[in-house]
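Colleague: Task: produce atomic coordinates for the following.
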Amino acid sequence: MKKLSSKKATEARTANRKKRSYFAQPVKPLLIVLSGPSGVGKDAILARMKESGYPLEYITTVTTRPRRAIEKEGIDYHFVSAEEFQEMITRNELLEWAKVYGNSYGVPKEAIKLALSRGKDAIVRVDVQGAASIKKILPQAVFIFIMPSSMEELAVRLRKRRTESPVDLAVRIKIAEKEIEKLPLFDYVVLNRQGEIDKAVSDIQAIVTAENRRVAPTPIMAAVIL
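Modeller: Reported below is the predicted structural model:
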């Protein structure tokens with residue numbers, strides 16, 4: 001067999017190393033930002049994903065809003081006082097925060113850092129205003145907008161919650177219309193029809209799978225640590 005020249009042998013070794021590296025590519029963890037208008041079913045979707053055992057780190061947001069009877073501390077939200085929330089802002093513990101309907105909401109930075117440092121995909125639920133803020137900080141995140149099938153269906157869902165007065169309900173519907181106009185800020189839209197939550201969950205899982213199969217994903221860990 002003819003012996004390879006020194007140059008060709010070096011080129012062959014380099015090519016083989018590159019081939020091997022394709023099989024050793026580390027998976028880059030994702031930050032998935034789930035958003036959409038109030039009442040569209042974001043909480044129900046996340047609850048169904050947790051029930052299914054889908055492997056994500058679910059980031060619990062912080063709020064000064066009073067806890068509703070059906071909500072659980074640390075699962076639905078971390079409920080804190082206005083003073084505690086302000087202290088978190090002062091200590092730079094929130095990735096983003098905003099006031100929505102008179103209450104403050106924020107995303108804890110440490111929980112995201114911990115999940116990503118472990119190589120785990122993390123998902124966080126925020127309102128549209130919060131998603132826009134995160135987009136400015138971490139444009140590399142995956143932004144998913146949950147869409148109602150119609151404004152009429154959204155209004156029915158909000159009424160069924162019985163957590164708002166008629167005046168507040170009208171305000172939420174008007175805000176929802178404005179929030180839907182922000183759709184171009186997002187990477188994906190998922191339709192959550194009444195009674196078809198499993199389809200919405202399946203669509204989100206497909207998005208996560210596709211993003212994890214990207215040849216050149218953009219790492220976001222450094223940006224989160226800052």
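Colleague: isn't residue 64 right next to residue 83, touching?
Modeller: No: using Cβ atoms under 8 Å, residue 64 makes no contact with residue 83, being 9.3 Å away. All C-beta atoms are positioned from the backbone trio N, CA, C, and that covers glycine.
Colleague: So the most centrally placed residue in the chain: helix, strand or coil?
Modeller: Taking Cα atoms, centre = their mean, the centroid of the chain lies closest to residue 33, which sits 1.9 Å from it. When classified by DSSP: H, G, I helix; E, B strand; the rest coil, residue 33 comes out as strand.
Colleague: how about it, what does it touch?
Modeller: Residues counted as contacts of residue 33 (Cβ atoms under 8 Å, 6 or more residues apart in numbering) are 123-124, 126, 131, 134-135, 141-144.
Colleague: Residue 107 - how many residues pack around it?
Modeller: Residues within reach of residue 107, counting by other Cβ atoms under 10 Å, total 25.
Colleague: Using the three-state scheme, assign it.
Modeller: Residue 107 is classified as strand under three-state DSSP.
Colleague: Run through this protein and note the low-pLDDT ranges.
Modeller: Flagging of the chain using pLDDT under 70 yields the residue ranges 1-27, 163, 217-226.
Colleague: any chance you could map the strands in it?
Modeller: Shown for the chain, the strands assigned by DSSP state E span residues 31-35, 57-59, 62-63, 78-79, 94-100, 103-108, 122-125, 142-147, 188-191.
Colleague: could those strands be laid out in CSV, adding distance to residue 169?
Modeller: Below are the strands of the chain laid out as CSV (distance: least, Cβ to Cβ, whole Å):
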stretch, distance to residue 169
strand 31-35, 20
strand 57-59, 28
strand 62-63, 20
strand 78-79, 23
strand 94-100, 15
strand 103-108, 17
strand 122-125, 21
strand 142-147, 19
strand 188-191, 23
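Colleague: Compare those strands and report which one is nearest to residue 203.
Modeller: strand 188-191 (4.6 Å; Cβ to Cβ).
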